[in-house]
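[1] let's see this in three dimensions:
(2 chains)
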Protein chains: 2
Amino acid sequence: MMKLFGYFRSSAAYRVRIALNLKGLDYERAYVHLTRGGGEQFAPEYRALNPQSLVPVLQDGEATLTQSLAIIEYLDEMYPRPPLLPLDALERARIRSLALAIACEIHPLNNLRVLRYLQHTLKVSEEQKTAWYHHWVNTGLEGLETRLARDPATAKFCHGDTPTLADIVLVPQLGNARRFNIDLAPYPTLTRIEASCLALDAFKNAMPEAQPDVE
Amino acid sequence: MMKLFGYFRSSAAYRVRIALNLKGLDYERAYVHLTRGGGEQFAPEYRALNPQSLVPVLQDGEATLTQSLAIIEYLDEMYPRPPLLPLDALERARIRSLALAIACEIHPLNNLRVLRYLQHTLKVSEEQKTAWYHHWVNTGLEGLETRLARDPATAKFCHGDTPTLADIVLVPQLGNARRFNIDLAPYPTLTRIEASCLALDAFKNAMPEAQPDVE
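    Here you go, the predicted model:
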């Protein structure tokens, strides 16, 4: 059985949980607490598994996989039903681009280690930290909303009427934005798609609140 | 013919130039100056093309593609020779994970718009800005060096003896690090692979210094 090392609040682990659920794959869970004792991701045993001290890690037999998007593409290649990417190259590119627009342009600027650096090393105020968070999330979501709203390929989900890699990355980011009190009213397309996703058990059961390690 | 909207210094555009060169694909070039007049990426005509105001954009016929990694996967699917990813799912996952470890964990924290925000909005000092840059690059490269050095799949290139997506993302990041005076001595595996890459015309001709819009 596969084993997922994650943390309830990590967006990247949340993405992989959704993908595993959509594929109907059962897996063992291991918990890496990102704040307790300075962060269990920095412990030697975890660093041996992932020298980058990030979650998630997925173990499949002898193999150790890292980086959520690489893990999800792997799951989609190994367990093709239901597909998380269609067969057409242009459609695949659109979906990957939407996913990367979050995974590369929004999430990296607002995760725990960056907010900590702002606070502890740059000594920015609470207001400045919040403004930073809001600035990058809103910049990214504005572009996404425009792209999705104007494109006829957008339907019930980001691409067509079944969930894809793009939805898997979108939902955790919106959950995160809500936790930081970002007003999502300017993003009606994004929140409509989010509601379609969260109506599905695969998404609902992957939420941070539904995890055994939630606090 | 395809058309690439880029900027000589953009790492993301540099990645796509390498991929196009490795595939032997000819393309038309358009230049988006990221600093002139407040940034041509914010001009209405360019925003219509890419609402996220980022380079690169690749036009292929009617299609407009964004996000460098999505573009490169598209090129690899449309023009499979020479492959930038092998056929085996685990090998593909390893290569994508290496590429994403740079594209998601290093590059987003150090690109122009982030350094500008630090300087103009958070008013950090020159020293603090440099320390920020060095911190995230070194954190990322340390993890990568460990991963590559210990894994027998690492060879002349990041994965085996032909260049892949991982090398395409690595080389621009190391060029960028050098421009910011980062000491690369602690990363002998990375710089050895970089040298293998830069011995190839596909990489050499994609360098910022070799572009018509270089300054």
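
[2] let me know the outermost residue of chain A.
    residue A:123 (27.7 Å; Cα atoms, centre = their mean).

[3] element containing that residue, please.
    Under the criterion DSSP states H and E, no helix or strand holds residue A:123.

[4] could you check the pLDDT of it?
    As predicted, residue A:123 sits at a pLDDT of 96.

[5] for it, give its distance to residue A:108.
    For residue A:123, the distance to residue A:108 (Cβ to Cβ, to the nearest Å) stands at 21 Å. Glycine gets a C-beta too; all of them are placed from N, C-alpha and C.

[6] helix or strand right after the helix or strand bottoming out on mean pLDDT in chain A?
    The least trusted helix or strand in chain A, going by mean pLDDT, DSSP states H and E, turns out to be helix A:44-49, with a mean of 90. Using DSSP H and E, the next helix or strand after helix A:44-49 towards the C-terminus is strand A:57-60.

[7] can you name the next helix or strand after that following strand?
    Following strand A:57-60 in sequence, per DSSP H and E, is strand A:63-66.

[8] next one: residue A:215 from residue A:113, what distance?
    19 Å.

[9] swap in residue A:40?
    14 Å.

[10] how about residue A:13?
    Counting by Cβ to Cβ, the gap from residue A:13 to residue A:113 is 15 Å.

[11] out of those two, which sits in the busier spot?
    Between residue A:13 and residue A:113, residue A:13 has the larger neighbour count (other Cβ atoms under 10 Å in any protein chain shown), namely 29 against 17.

[12] the more buried one: helix or strand, and which one exactly?
    helix A:11-22.

[13] using CSV, write out every CA atom in that helix.
    What follows is helix A:11-22, C-alpha atoms only, in CSV (Å, rounded to 0.1, in the frame of the first residue of the first chain):
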residue,chain,number,x,y,z
SER,A,11,-1.9,22.8,0.5
ALA,A,12,0.5,20.5,-1.3
ALA,A,13,-0.4,17.5,0.8
TYR,A,14,-4.1,18.4,0.3
ARG,A,15,-3.6,18.3,-3.5
VAL,A,16,-2.3,14.7,-3.3
ARG,A,17,-5.0,13.6,-0.9
ILE,A,18,-7.6,14.8,-3.5
ALA,A,19,-5.9,12.9,-6.3
LEU,A,20,-5.7,9.7,-4.3
ASN,A,21,-9.4,10.0,-3.4
LEU,A,22,-10.4,10.7,-7.0
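
[14] which elements pack onto it?
    Contacting helix A:11-22 under the criterion 3 or more Cβ pairs under 8 Å, 6 or more residues apart in numbering or on different chains; DSSP states H and E are the following elements: strand A:2-6, helix A:68-78, helix A:165-179, helix A:201-204.

[15] reformat the ones you listed as a markdown table; add distance to chain B and mean pLDDT.
    Formatted as a markdown table, the helices and strands packed on helix A:11-22 follow (distance: least, Cβ to the nearest Cβ, whole Å; pLDDT from 0 to 100):
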| stretch | distance to chain B | mean pLDDT |
| --- | --- | --- |
| strand A:2-6 | 13 | 96 |
| helix A:68-78 | 4 | 98 |
| helix A:165-179 | 10 | 97 |
| helix A:201-204 | 21 | 98 |
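
[16] do you know which of these lies nearest residue B:177?
    Closest approach to residue B:177 among the helices and strands packed on helix A:11-22 (Cβ to Cβ): helix A:68-78, 22.5 Å.

[17] how about the contacts made by residue A:73?
    Under the criterion of Cβ atoms under 8 Å, 6 or more residues apart in numbering or on different chains, the neighbours of residue A:73 are A:85, A:165, B:92, B:93, B:96.

[18] and the closest residue to the first one other than its chain neighbours, what helix or strand is that in?
    With Cβ to Cβ, 6 or more residues apart in numbering or on different chains as the criterion, residue A:85 has its nearest non-adjacent residue at 5.0 Å, and that residue is residue A:92. Assigned by DSSP H and E, residue A:92 belongs to helix A:89-103.

[19] residue A:32 contacts residue A:41, correct?
    Yes: with contact defined as Cβ atoms under 8 Å, residue A:32 counts as touching residue A:41 (5.4 Å).

[20] check the burial of the nearest residue to residue A:137 once chain neighbours are set aside by counting its neighbours.
    Nearest residue to residue A:137 in three dimensions, chain neighbours excluded: residue A:177, at 5.1 Å (Cβ to Cβ, 6+ apart). Residue A:177 sits with 22 neighbouring residues when counted by other Cβ under 10 Å.

[21] and if you look at residue A:57?
    Residue A:57 has 23 nearby residues by other Cβ under 10 Å.

[22] on that earlier part again, what touches both of residue A:32 and residue A:41?
    Overlap of the contact sets of residue A:32 and residue A:41 (by Cβ under 8 Å, 6+ apart) consists of residue A:55.

[23] many thanks, I have nothing further to ask.
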